[in-house]
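Undergrad: pasting the sequence and the predicted model now:
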Amino acid sequence: MNTLALKDETLLKLSQEDYPVEPGQPCTVDMFRPEDALGVARCFYTVYGDSYSIDTVYSPASLIEANATGNLYSVVARTPKGDVVGYCALFRSLACKFLYEQGQLVVLPSYRNEAIATQVVKYGLEVVAPRLPVHEVFGKAVCNHTISQKIGDECGFRETALEIDYIPEEAYKKEKSATGPVSALLMFRCCQDRPHDIYLPETYEDVLHFIYTGLPITRTFKKPDTGVAFHTKSRVQCHVFGFQKVARLNVEAIGSDFEETIATIEGQAGKTGSTIIQVYLPLGNPAVGDAVALLRAKGYFLGGALPRWFDQDGLLLQKIDSPPHFNSIRLYSERAGKLLEFVRTDWEKAERR
């Protein structure tokens, strides 16, 4: 049985059961065990109903398998009765074996005054990450509230990019905590630096200097070369996220056919129903300036910087089909607010073009 079928089977059981978790129990933060799997599903169902975008968390068998094979490193907050009241996970990025995402953070409403979220995040960083080949960790903090951003700040993450309107309002229908789509603030934490050269497109030189000034990493800034893209062919990996209606394009090489390649993938993404296209460019490639110019001419605007995205750093540009919900974005730090100003200004320029 596939993951989707297993998810549907578990959701049916969860919708039919009445399983209250007694509040006020002491909790132990620990690595995931197979017997925690149903408790994790209950936790996500309590908070998100059936709307969470990752099927694995609703499928105990799939969650157990993912942890057994090393595709997922899950952390739980567990009561003495065995109830799971908090959860998060570490998983490797598709683009770089040294970059891990820390996400899937969820805490039962009745335990949100117990600092459970901070405890499971810190356990992942301080206990789990040192066992893995982790050089950089990032997370996506939602912007319909500032709680996860505050936790990220306390755990040493720094704000580098904004994914605009990334999560549909439907994901929050059970808690009614969003009015419109929700943006995500990308926050990175360096565990082991790899100094290297990056090329700053002239258009974004100021904002990139601002972002890198706040990061504990070493980079050598250079000016992009014009025309160097024409010495190779483009390589772009496209990943479509159906629930979010997002197409993510990881650009591995920028070539003479870059504009044609992007246009072809945009057409394919449109057929899948994608309303947001995100392009991740390699800042270690001297042709990145040409790529930025081509994308901005097509209506793309700034997202931000992505340390170690390709092992070298990345630059996020994005395009959405409808006006962004900038006014509903809630941010914790002054730094994040400044980043939003850069993003919003660049979107306004894209609209004028």
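TA: Structure's in. What do you need?
Undergrad: neighbours of V228, just the number please.
TA: Using other CB atoms under 10 Å, V228 has 17 neighbouring residues. Using the backbone N, CA and C atoms, a C-beta is placed for each residue, glycine as well.
Undergrad: distance of L283 from G24?
TA: As judged by CB to CB, to the nearest Å, L283 and G24 stand 49 Å apart.
Undergrad: stretch 325-345: which residues count as buried?
TA: Within stretch 325-345, the residues scored as buried using 16 or more other CB atoms under 10 Å are 325-326, 328-329, 331-333, 335-336, 338-340, 342-344.
Undergrad: which one of those is nearest L316?
TA: Top of the list for closeness to L316, among the buried residues of stretch 325-345 and by CB to CB, is V343 at 9.8 Å.
Undergrad: keeping just the C-alphas, turn stretch 288-306 into CSV.
TA: The C-alpha trace of stretch 288-306 is given here as CSV (Å, rounded to 0.1, in the frame of the first residue of the first chain):
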residue,chain,number,x,y,z
VAL,A,288,24.2,34.5,-12.3
GLY,A,289,24.0,38.1,-13.3
ASP,A,290,22.7,37.2,-16.8
ALA,A,291,20.2,34.8,-15.3
VAL,A,292,18.9,37.4,-12.9
ALA,A,293,18.4,39.9,-15.7
LEU,A,294,16.5,37.4,-17.8
LEU,A,295,14.2,36.4,-14.9
ARG,A,296,13.5,39.9,-13.8
ALA,A,297,12.5,40.7,-17.4
LYS,A,298,9.9,37.9,-17.1
GLY,A,299,8.4,39.3,-13.9
TYR,A,300,10.4,37.5,-11.2
PHE,A,301,11.3,39.3,-8.0
LEU,A,302,13.6,38.8,-5.0
GLY,A,303,13.2,36.1,-2.4
GLY,A,304,16.7,36.2,-0.8
ALA,A,305,19.9,34.3,-0.2
LEU,A,306,20.3,30.6,0.6
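Undergrad: buried ones in that stretch, by neighbour count?
TA: By neighbour count with 16+ other CB under 10 Å, stretch 288-306 contains the buried residues 288-292, 294-296, 298, 300-306.
Undergrad: so which of those are in helices?
TA: In this view, the buried residues of stretch 288-306 that belong to helices under DSSP state H are V288, G289, D290, A291, V292, L294, L295, R296.
Undergrad: on that earlier part again, hmm, which two among the buried residues of stretch 325-345 are most spread apart?
TA: The largest separation in those, counting by CB to CB, is between H325 and R335 at 21.0 Å.
Undergrad: residues contacting the residue nearest to the spatial centre of the chain?
TA: The centroid of the chain falls nearest to K140 when counting by CA atoms, centre = their mean (4.2 Å). By CB atoms under 8 Å, 6 or more residues apart in numbering, the residues touching K140 are E101, G103, E163, Y166, A184, L185, L186, M187.
Undergrad: okay, and the last one sits in which element?
TA: To tie it back to what came earlier, the one meant is M187. strand 182-190 (DSSP states H and E).
Undergrad: contacts for the helix or strand just after that strand?
TA: Toward the C-terminal end, the helix or strand that comes next after strand 182-190 (DSSP H and E) is strand 196-199. Strand 196-199 has contacts (CB under 8 Å, 6+ apart) with 219-225, 283-286, 288-289, 312-313.
Undergrad: one more time with 10 Å, if that's ok
TA: Strand 196-199 has contacts (CB atoms under 10 Å, 6 or more residues apart in numbering) with 208, 212, 217-225, 228, 281-289, 292, 305, 307-308, 311-315.
Undergrad: so what strands line up beside that strand?
TA: Strand pairing for strand 196-199, using DSSP bridges, gives strand 219-222 (parallel).
Undergrad: sorry, back to before: which strands border the strand holding M187, and is each parallel or antiparallel?
TA: strand 136-142 (antiparallel), strand 158-167 (antiparallel).
Undergrad: so which of those strands comes closest to S51?
TA: Closest to S51 of the strands paired with strand 182-190 is strand 158-167 (CB to CB; 10.1 Å).
Undergrad: about what we covered before: list just the nearest of the contacts of K140 to L6.
TA: G103 (20.7 Å).
Undergrad: on the three-state scheme, the closest one is what?
TA: Here G103 is recorded as strand under DSSP: H, G, I helix; E, B strand; the rest coil.
Undergrad: and stretch 208-228, end to end?
TA: 22 Å (CA to CA, to the nearest Å).
Undergrad: the more surrounded of L283 and G24?
TA: It is L283, of L283 and G24, that has more neighbours when counted by other CB under 10 Å, with 28 against 8.
Undergrad: residue contacts, that one?
TA: Listed by CB under 10 Å, 6+ apart, the contact set of L283 reads 196-201, 204, 208, 219, 221-222, 224, 305-307, 309-310, 312-315.
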